[in-house]
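Participant: Structural data only, the sequence is not supplied:
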């Protein structure tokens, strides 16, 4: 089963990955095939597992004390652009070009 | 024309009242220098991990119990993915599969008529309560075509309360939210001040004809007060009805409420249907809660949350407080609503009742008519009242002992309002408002009046 071009485009939008060329898409198909093997196991009536540690892993609860923060300068060192002490971002999400508009989609496919 | 049935559901986000954030130790505080209350985890720097704050869990359990929910002894955390500049991790940690509390209900009351004399009780089902992270704040600078991001709010604990679509109009939604607000404030789990973003409400609105399936719903956001909540919902209901009656269709979209124009408008581009790619949060195992029966023997107390222990220590909820006020003082149910609706008013009332011999049923009139209207006129809170409960108590005693008339009492009250530090007795003496009790003195005055108006008296006696 091949994945449609619309679905590939949708995936690229969701995960910001770039399948780039037919080799990339083929790798995706192989990955899906590999994961589909899970369907061969009958899981009727079996609870999904969250962790291999199961009941032995207790969620640690922290006391409600202020122990962090106050490191504005350090955090802003990572920012390419800043205004006073704010991070600067583009005005909104920059939309990826729509499927019809993309010249380079699946180059070499 | 067939009647329309509006259907209203609510999604409410309440900021948890805690010292530190849900998964990190940075401080929770309104209005601090930008990015000063941000830890490495909040900024989503690599190598950081979430650590759950015990206080936030307790707040959610308290709220779930107060809303008659079943508390899930095992609940799970998930990641909800979307891209936005104020969400540095690219996902929000929430509880999508199994939230901490489910299947509750909230009772609220409405006035049937505008005179506040008849109240009716309604209930709305609570679908669930989940713990989740708040995002940072984006300040849009359109002139420079950029967004400024402050992460102080990123990671603050939220309780999302989902109310089923059991409401039918803005008034019901407003009353339900108001009652929820009072409950949260009574519990202390959230200060729930809408103006400070501690309580955010989104409304889901649709209309249909009776007997037909539910219509397409829209989501209304950007509602900043309870008053606007009612307006936004009622506008949207009308808009949908008009659209459908004109042969149009309703889009399943998100709309923003414009408070200046009093209408809802479609929100900026929502690229098709969002796919959040929910997945279990791999860094957090299930949250396990206990009750007295299931309490483990050998665990560190600090690591154990006992639902029964929390239940036993819940304070009286607003509905219980109102009932007690009505039973203890013989006031009307609608009075108890007004008393609880103003911060500090119930305590003020009880304090005056203690201080005076006047019956509570009479005192309540002074509190709700005189005191409250003065406070409203001058936009003051009960705490800021220039007339203390002691002064009012003394004034009512003078009235009760018939040392002044009720007209005089209102005059004294107006004088007390100036806050010049005079006692009621001093004002009565100053303005000679005291009632005369001496029979002889009264006779003398009446005689003097009659003597001074001989002609009028003769005219009267002649008929």
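Facilitator: All right, it came through fine. This is a predicted model, so every value here is computed, not measured.
Participant: right, and the helix or strand after the strand or helix carrying residue A:14?
Facilitator: For residue A:14, the host element (DSSP states H and E) is helix A:5-15. Using DSSP H and E, the next helix or strand after helix A:5-15 towards the C-terminus is helix A:22-36.
Participant: And residue B:103, its phi and psi?
Facilitator: Residue B:103 adopts backbone torsions of phi 60, psi 60, taken as degrees, to the nearest 10.
Participant: for the one 5 residues further on, same thing?
Facilitator: Geometry field for residue B:108 lists phi and psi as phi -140, psi 160, criterion degrees, to the nearest 10.
Participant: what's around the closest residue to it other than its chain neighbours, how many residues?
Facilitator: Leaving aside its sequence neighbours, residue B:108 sits nearest to residue B:179 (C-beta to C-beta, 6 or more residues apart in numbering or on different chains; 4.1 Å). C-beta coordinates here come from the backbone N, C-alpha and C atoms, glycine included. By other C-beta atoms under 10 Å in any protein chain shown, the residues close to residue B:179 number 21.
Participant: List the buried residues of the helix holding residue A:14.
Facilitator: In terms of neighbour count (16 or more other C-beta atoms under 10 Å in any protein chain shown), helix A:5-15 has its buried residues at A:8, A:9, A:10, A:11, A:12, A:13.
Participant: could you dump these to JSON lines with distance to chain B and pLDDT?
Facilitator: As requested, those are exported to JSON lines (distance: C-beta to the nearest C-beta, whole Å; pLDDT from 0 to 100):
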{"residue": "A:8", "distance to chain B": "14", "pLDDT": "87"}
{"residue": "A:9", "distance to chain B": "11", "pLDDT": "85"}
{"residue": "A:10", "distance to chain B": "7", "pLDDT": "84"}
{"residue": "A:11", "distance to chain B": "9", "pLDDT": "84"}
{"residue": "A:12", "distance to chain B": "12", "pLDDT": "85"}
{"residue": "A:13", "distance to chain B": "7", "pLDDT": "82"}
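Participant: and the residue nearest to residue B:108, helix, strand or coil?
Facilitator: helix (DSSP: H, G, I helix; E, B strand; the rest coil).
Participant: was I right about it contacting residue B:110?
Facilitator: No. With contact defined as C-beta atoms under 8 Å, residue B:179 does not reach residue B:110; the gap is 10.3 Å.
Participant: Any figure for the gap between the closest residue to residue A:24 other than its chain neighbours and chain B?
Facilitator: Nearest residue to residue A:24, sequence neighbours excluded (C-beta to C-beta, 6+ apart): residue A:18, at 7.7 Å. Separation of residue A:18 from chain B (C-beta to the nearest C-beta, to the nearest Å) stands at 15 Å.
Participant: give me phi/psi at residue A:18?
Facilitator: Dihedral angles of residue A:18 (phi, psi; degrees, to the nearest 10) stand at phi -130, psi 110.
Participant: Residue B:59 - that's part of a helix, no?
Facilitator: Yes. Counting by three-state DSSP, residue B:59 is found in a helix.
Participant: count of neighbours near it?
Facilitator: Residue B:59 - counted by other C-beta under 10 Å - has 25 other residues nearby.
Participant: got the contact list for it?
Facilitator: Applying C-beta atoms under 8 Å, 6 or more residues apart in numbering or on different chains, we find residue B:59 in contact with B:16, B:17, B:18, B:157, B:159, B:187, B:189, B:190.
Participant: What's the per-residue pLDDT of the fourth one here?
Facilitator: I take that to be residue B:157. Predicted confidence (pLDDT) for residue B:157: 98.
Participant: quick one: it and residue B:53 touch, right?
Facilitator: Yes. Contact criterion C-beta under 8 Å: residue B:157 and residue B:53 qualify, at 6.5 Å.
Participant: Name the residues contacting each of those two.
Facilitator: What both residue B:157 and residue B:53 touch, as defined by C-beta under 8 Å, 6+ apart, is the set B:18, B:21, B:22.
Participant: Of those, which is the nearest to residue B:227?
Facilitator: Proximity of the shared contacts of residue B:157 and residue B:53 to residue B:227 (C-beta to C-beta) peaks at residue B:18, which lies at 28.4 Å.
Participant: mind checking which helix or strand that closest one is in?
Facilitator: Going by DSSP H and E, residue B:18 is not in any helix or strand.
Participant: Then residue B:206?
Facilitator: Using DSSP H and E, residue B:206 falls in strand B:199-208.
Participant: What are the boundaries of the strands in the stretch 101-250 of chain B?
Facilitator: B:101-111, B:119-133, B:137-141, B:146-150, B:157-167, B:199-208, B:218-223 (DSSP state E, counting those that start in this stretch).
Participant: how about those strands in JSON lines, adding mean neighbour count?
Facilitator: What follows is these, written out as JSON lines (neighbours: other C-beta atoms under 10 Å in any protein chain shown):
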{"stretch": "strand B:101-111", "mean neighbour count": "18"}
{"stretch": "strand B:119-133", "mean neighbour count": "19"}
{"stretch": "strand B:137-141", "mean neighbour count": "15"}
{"stretch": "strand B:146-150", "mean neighbour count": "21"}
{"stretch": "strand B:157-167", "mean neighbour count": "23"}
{"stretch": "strand B:199-208", "mean neighbour count": "22"}
{"stretch": "strand B:218-223", "mean neighbour count": "20"}
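Participant: Indicate which one of those strands is closest to residue B:326.
Facilitator: Closest to residue B:326 of the strands of the stretch 101-250 of chain B is strand B:119-133 (C-beta to C-beta; 11.6 Å).
Participant: Relative to the closest one, what are the paired strands and their orientations?
Facilitator: Here strand B:119-133 has these sheet partners by DSSP bridges: strand B:101-111 (antiparallel), strand B:157-167 (antiparallel).
Participant: got the angle between the last one and strand B:199-208?
Facilitator: Going back to what we said before, that points to strand B:157-167. 30 degrees (axes from the mean of the first three to the mean of the last three C-alpha atoms, to 10 degrees).
Participant: How far off centre is strand B:157-167?
Facilitator: Relative to its chain's centre, strand B:157-167 lies at 14 Å (C-alpha atoms, centre = their mean, to the nearest Å).
Participant: And for the first one?
Facilitator: Here the centre of strand B:101-111 is set off from its chain's centre by 14 Å, with C-alpha atoms, centre = their mean.
Participant: Give me the residue at the spatial middle of chain B.
Facilitator: By C-alpha atoms, centre = their mean, the mean C-alpha position of chain B lies nearest to residue B:181, the distance being 3.0 Å.
Participant: show me the contacts for the nearest residue to that residue once chain neighbours are set aside.
Facilitator: Spatially, and ignoring its direct neighbours in sequence, residue B:181 is nearest to residue B:192 (4.5 Å; C-beta to C-beta, 6+ apart). Taking C-beta under 8 Å, 6+ apart, we find residue B:192 in contact with B:14, B:180, B:181, B:184, B:185, B:198, B:199.
Participant: quick one, what contacts the second one?
Facilitator: Contacts for residue B:180 (C-beta under 8 Å, 6+ apart) come out as B:12, B:14, B:106, B:161, B:192.
Participant: Take these and write them to CSV, including pLDDT.
Facilitator: Formatted as CSV, the contacts of residue B:180 follow (pLDDT from 0 to 100):
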residue, pLDDT
B:12, 97
B:14, 98
B:106, 98
B:161, 98
B:192, 96
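Participant: which residues touch the longest helix along chain B?
Facilitator: For chain B, the longest helix by residue count, based on DSSP state H, is helix B:226-245. Outside of helix B:226-245, the residues within contact range by C-beta under 8 Å, 6+ apart are B:1, B:4, B:6, B:8, B:169-171, B:173-174, B:177-178, B:181, B:194, B:201, B:203, B:205-207, B:215, B:218, B:220, B:223, B:249-250, B:255, B:257, B:259, B:262-264.
Participant: so how many other residues sit close to residue B:197?
Facilitator: When neighbours are counted by other C-beta under 10 Å, residue B:197 registers 15.
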